[in-house]
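Student: Compute the structure for the input listed below.
(2 chains)
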Number of protein chains: 2
Amino acid sequence: MRGVVLHGPGDVRVEEREDPTIQEPTDAVIKIVAACVCGSDLWPYRGADPAENQLMGHEYVGVVEQIGDDVKTVKPGDFVVGSFVISDNTCPICTNGYQSRCVNGIFVDGQIGTQAEYARIPYADGTLVATPGQPDDDLIPSLLAASDVLGTGWFGAVAAEVGPGKSVAVVGDGAVGLMGVLAAKQLGAEKIIAMSRHESRQKLAKEFGATDIVEERGEAGVEKIKELTDGLGADSVIEAVGTQESMMQAVQSTRPGGHVGYVGVSHDVLLNGLELFFGLVHLHGGPAPVRRFLPELIQLIWDRKIEPGKVFDLELPLDRAAEGYQAMDERKAIKVLLKP
Amino acid sequence: MRGVVLHGPGDVRVEEREDPTIQEPTDAVIKIVAACVCGSDLWPYRGADPAENQLMGHEYVGVVEQIGDDVKTVKPGDFVVGSFVISDNTCPICTNGYQSRCVNGIFVDGQIGTQAEYARIPYADGTLVATPGQPDDDLIPSLLAASDVLGTGWFGAVAAEVGPGKSVAVVGDGAVGLMGVLAAKQLGAEKIIAMSRHESRQKLAKEFGATDIVEERGEAGVEKIKELTDGLGADSVIEAVGTQESMMQAVQSTRPGGHVGYVGVSHDVLLNGLELFFGLVHLHGGPAPVRRFLPELIQLIWDRKIEPGKVFDLELPLDRAAEGYQAMDERKAIKVLLKP
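Tutor: Numbering: from 1, shown residues only, chains lettered A, B, ... in the order given. Model (predicted):
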């Protein structure tokens, strides 16, 4: 089968790889229907994370081809959405809702790589969720979004304790930030402030439910958020970038007692203890336990109540994956869908 | 009146200061019945925080002498417990339970200084809570503890989401850590692990409800906590020191999805973003909103259900305050009570 391998910074190749097979009785092999390029794929692509012959891709929807003897909840022919961390969904960490740190967890990225024609999914019952039936084509981008960016933005909102009547600020206007806006709307937030300087992303943020746009950053950004929140700062702030600047933007934009939900993969971030201490905010985040939210998100998409698939603004065949990475790197595309 | 002034590192003096008077209609003047030396007083005492002619003391119980025209909930003659941050208890931050960041907040320490005979308490209604009557003498140390160390340890436990059936680790065996143990017990924790190397403090921790003692620190300490919690880490960890080592001890001892409540005043702490990210823990803490808990804590003490006053192991007249600082600095005393 064909699949994407990153050989080094900027060096994306689609290569022949061995066809996956069932190895454990809890495995499934799925035929990938759609995969995509993630903002986090850009870290190794840009050389910020090391990568050498890395199997790329961790977002996926597909059709089950084969299952191991112990798999109970999905069967060949099922259309499935999976999360970007393999989880057994039965350990104490999973049952507490933190499947992304399952004691048997495996990161799909690097170890499985779903920018490919097929993938072996360990712990299929704990990782995959079948859709209610075969989806219409137009639902596929939204179901694919559930696999990571929607689930991650959703977790950011949940981690930030977004709820009815609350004010929410979203730091970052990439796909995850935009999904954070969508999640905040669904979770009943009253004021949703998107921090964005890009017109096309501002427009999408508004479509997803943003009530206010703030273009300022740094101290000016904090001041603007405070102006919009009775001088106090937002109740909830979703951080969806992962840099020192974005993290401090989030912490400082949150009112005392408020909540920061951070889902941008932290790079070279150092948080000052004293500033955190006197900020008196709640901080929670990390790799999203997408599996916790998948059943609910799939249903919302199936019922056409949300359309997260709008974040995809470029679709390419798998063979042209390199173009997709480039478009995202140059911010010419928000998010790229790849079809094997 | 007499009061404690810190002139520089190690230089504690009891000096004549002006008698406080009512200045605003929301003020009260109280006669201090008991005050104490806080672990956080040691930061400036040791030169780790700058101090020059600083009015010391922020924990206090006393009797109301005079009130301003607008004060409604306390009256002359009332025995009162106050929190270490002045709060109006009516602003949106206060009503959300974060009185230590009240929009009109004033830190008692440095600006009022309750290691003294009298103190002016602004926003008396929002800061002070009257006891149900005049307390027996033996209740006074416990009521005094409610003013900070108990309230702070309690907040640490609440911030760490301690609850029935949970496992809790407490980093730090100072007065606040010991109060964290007491709070964890009251809040229904099943396993309470006190990290301590000092026999007398271990003993007190057990009296307050610790079920296990861990003497190891650093990686060995983390391993020990994991051994005691099915290999996962504690559900809740209370951090009650404020150093880089103690903070990392807390974060690493917490299971994914678990909660760190940190109440040690952070000094030179830098948290690595990537480690936090993949740790997937909740982090919350800062200056404790003691006022939120005062009514409940006073009642528990009044009903003799808890005896936090046991943390005081040295009582001195105010005039000998310098000895009290020295005893705490040298860890010869856990906590020193001062009587004006």
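Student: what's next to the helix or strand of chain A with the lowest mean pLDDT, contact-wise?
Tutor: For chain A, using mean pLDDT, DSSP states H and E, the weakest element among its helices and strands is helix A:108-111, scoring a mean of 86. With contact meaning C-beta atoms under 8 Å, 6 or more residues apart in numbering or on different chains, helix A:108-111 is reached by A:40-41, A:54-58, A:60, A:82, A:84-86, A:114, A:119. Where you see a C-beta, it was placed from the backbone N, CA and C, and this is true even at glycine.
Student: Quick check: buried residues in that helix?
Tutor: A:108-110 (16 or more other C-beta atoms under 10 Å in any protein chain shown).
Student: just stretch A:232-250 next, same as before
Tutor: A:232-243, A:246-250.
Student: and it, C-alpha only, in CSV?
Tutor: Provided in CSV are the C-alpha atoms of stretch A:232-250 (Å, rounded to 0.1, in the frame of the first residue of the first chain):
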residue,chain,number,x,y,z
LEU,A,232,-12.2,41.1,34.4
GLY,A,233,-10.9,38.8,31.7
ALA,A,234,-12.8,35.9,30.1
ASP,A,235,-14.3,33.1,32.2
SER,A,236,-12.8,30.5,29.8
VAL,A,237,-9.9,30.7,27.5
ILE,A,238,-9.0,28.1,24.9
GLU,A,239,-5.3,28.1,23.9
ALA,A,240,-4.8,26.4,20.5
VAL,A,241,-1.3,27.3,19.4
GLY,A,242,1.3,26.1,21.8
THR,A,243,3.9,28.9,21.9
GLN,A,244,5.1,30.9,24.9
GLU,A,245,3.3,34.0,23.6
SER,A,246,0.0,32.2,23.0
MET,A,247,0.1,30.5,26.4
MET,A,248,0.8,33.7,28.2
GLN,A,249,-1.9,35.4,26.1
ALA,A,250,-4.3,32.8,27.4
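Student: That one and chain B in contact?
Tutor: Yes - Stretch A:232-250 reaches chain B (C-beta under 8 Å from any C-beta of the partner chain) through A:232, A:242, A:244, A:247.
Student: how far does that stretch sit from the chain's center?
Tutor: 17 Å (C-alpha atoms, centre = their mean, to the nearest Å).
Student: average model confidence for that stretch?
Tutor: Stretch A:232-250 shows a mean pLDDT of 97 in the predicted model.
Student: now swap in stretch A:331-340 and tell me
Tutor: The average pLDDT for stretch A:331-340 rounds to 94.
Student: now stretch A:140-155
Tutor: Mean predicted confidence for stretch A:140-155 is 97.
Student: residues near residue A:216, how many?
Tutor: Residue A:216 has 14 neighbours, counted by other C-beta atoms under 10 Å in any protein chain shown.
Student: just residue A:50 next, same as before
Tutor: By other C-beta under 10 Å, 10 other residues sit near residue A:50.
Student: helix/strand/coil for the nearest residue to it once chain neighbours are set aside?
Tutor: Spatial nearest neighbour of residue A:50, chain neighbours left out: residue A:44 (7.0 Å); criterion: C-beta to C-beta, 6 or more residues apart in numbering or on different chains. Counting by DSSP: H, G, I helix; E, B strand; the rest coil, the backbone at residue A:44 sits in helix.
Student: where does the stretch 151-300 of chain A come near chain B, residue by residue?
Tutor: Within the stretch 151-300 of chain A, the positions lying close to chain B (C-beta under 8 Å from any C-beta) are A:230-232, A:242, A:244, A:247, A:255-257, A:262, A:265-274, A:276-287, A:289.
Student: are any of these buried, and which?
Tutor: Buried among these (16+ other C-beta under 10 Å): A:232, A:242, A:247, A:255-257, A:262, A:265-267, A:269, A:271-273, A:276-287, A:289.
Student: Which of the residues you listed fall within helices?
Tutor: Residues of those located in helices (DSSP state H): A:247, A:273, A:276-279.
Student: Return the distance of residue A:91 relative to chain B.
Tutor: Distance of residue A:91 to chain B, computed by C-beta to the nearest C-beta, to the nearest Å: 9 Å.
Student: Count the residues that sit near residue A:126.
Tutor: Residue A:126, neighbours per other C-beta under 10 Å, totals 22.
Student: cool, and residue A:318?
Tutor: 20.
Student: per-residue pLDDT, it?
Tutor: 97.
Student: Verify the contact between residue A:144 and residue A:35 for me.
Tutor: Yes - look at residue A:144 against residue A:35 with C-beta atoms under 8 Å: they come within range, at 7.5 Å.
Student: Identify the contacts common to these two.
Tutor: What both residue A:144 and residue A:35 touch, as defined by C-beta under 8 Å, 6+ apart, is the set A:59-60, A:337.
Student: Filter these down to the ones in strands?
Tutor: If you go by DSSP state E, the shared contacts of residue A:144 and residue A:35 have A:60, A:337 in strands.
Student: nearest to residue B:12, of the shared contacts of residue A:144 and residue A:35?
Tutor: Comparing the shared contacts of residue A:144 and residue A:35 against residue B:12 with C-beta to C-beta places residue A:59 closest, at 61.4 Å.
Student: In this model residue A:39 seems to touch the closest one, though I could be wrong.
Tutor: No - Residue A:59 is not in contact with residue A:39 according to C-beta under 8 Å; the separation is 10.8 Å.
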